[in-house]
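In: the sequence and its predicted three-dimensional model are supplied below.
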Amino acid sequence: SNNDMAKDQQMTNQQSLEIIQQMIAQAKTNITDSGFGWLLWGTMIFLTCISTYIFIDIGSENIFLSWNIFGLITVILLTYDIIKHKKKQARTYVDDLLKLVDIGFIICLFTIIISINVAVSPNSGFGFFLMIFAFLMLIKGGVVKSNSLIIGAVVNWAGAIAIFINKEFRYDMLIMAAAVLIGYIIPGLQLRSKYRKSIPGNNIR
């Protein structure tokens with residue numbers, strides 16, 4: 001009994017040491033980000049915002065057409081991402097933490113989408129989008145040591161406040177387009193450039 005408790009304590013201590021060693025090893029290797037995800041999502045959201053602004057400007061009946069298409073593509077991409085990650089074998093404690101951050105982000109994203117449909121105005125809903133974009137940028141920017149992502153987080157929080165203050169939806173789309181340009185696309189380009197330089201031969205798609 002005492003021996004069993006001692007063994008359990010020893011196992012717990014060993015597990016804690018392994019987790020700490022994994023985190024130190026991960027920190028030493030500098031977690032890399034190819035920038036592809038930031039560029040992909042940033043470009044998609046940017047084009048969706050601009051096209052929605054144009055639809056409103058020309059008086060289109062279905063101003064949310066671009067967002068419906070974006071939603072469909074998002075579901076397809078997320079399903080592919082889940083299947084792809086299941087095939088990945090070696091995962092560290094830090095990988096698992098970042099995966100939980102991604103899952104939490106996606107849940108918040110879909111909760112906001114539901115709220116826009118049943119409770120809050122689109123004006124408020126899109127402000128909430130920029131709030132959670134900023135939160136993700138802050139965490140990921142800290143992990144990959146990207147100042148541009150952290151600046152992007154600040155810009156997206158400022159964009160969220162601007163959307164809450166602004167009452168005309170078409171200008172929300174321009175605010176959001178500017179926020180993702182600074183928060184997603186520009187950091188994505190910088191990370192992509194850095195990642196290419198870090199790979200011998202630069203054989204990156």
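Out: Noted; the coordinates are in hand. Numbers count the residues shown, from 1 in each chain.
In: CA only for contacts and neighbour counts going forward, please
Out: Will do.
In: pLDDT on the helix or strand Thr111 falls within, on average?
Out: Following DSSP states H and E, one finds Thr111 within helix 93-118. Helix 93-118 shows a mean pLDDT of 84.
In: helices or strands up against that helix?
Out: helix 2-29, helix 122-143 (3 or more C-alpha pairs under 8 Å, 6 or more residues apart in numbering; DSSP states H and E).
In: what's the closest non-adjacent residue to the residue sitting nearest the centre point of the chain?
Out: Nearest to the mean C-alpha position of the chain, by C-alpha atoms, centre = their mean, lies Leu136 at 5.0 Å. Nearest non-adjacent residue to Leu136, counting by C-alpha to C-alpha, 6 or more residues apart in numbering: Phe105, 7.2 Å away.
In: tilt between the helix holding Thr111 and helix 122-143?
Out: Helix 93-118 runs at 170 degrees relative to helix 122-143, counting by axes from the mean of the first three to the mean of the last three C-alpha atoms, to 10 degrees.
In: what about Phe55, how many residues nearby?
Out: Counted by other C-alpha atoms under 10 Å, the residues lying close to Phe55 total 18.
In: tell me who's in contact with it.
Out: Phe55 makes contacts with 62-63, as judged by C-alpha atoms under 8 Å, 6 or more residues apart in numbering.
In: and the gap between it and Asn62?
Out: 8 Å (C-alpha to C-alpha, to the nearest Å).
In: what do you get for Phe105?
Out: 28 Å.
In: those two: who's more crowded?
Out: Taking Phe105 and Asn62 together and counting by other C-alpha under 10 Å, Phe105 has the greater number of neighbours (16 against 11).
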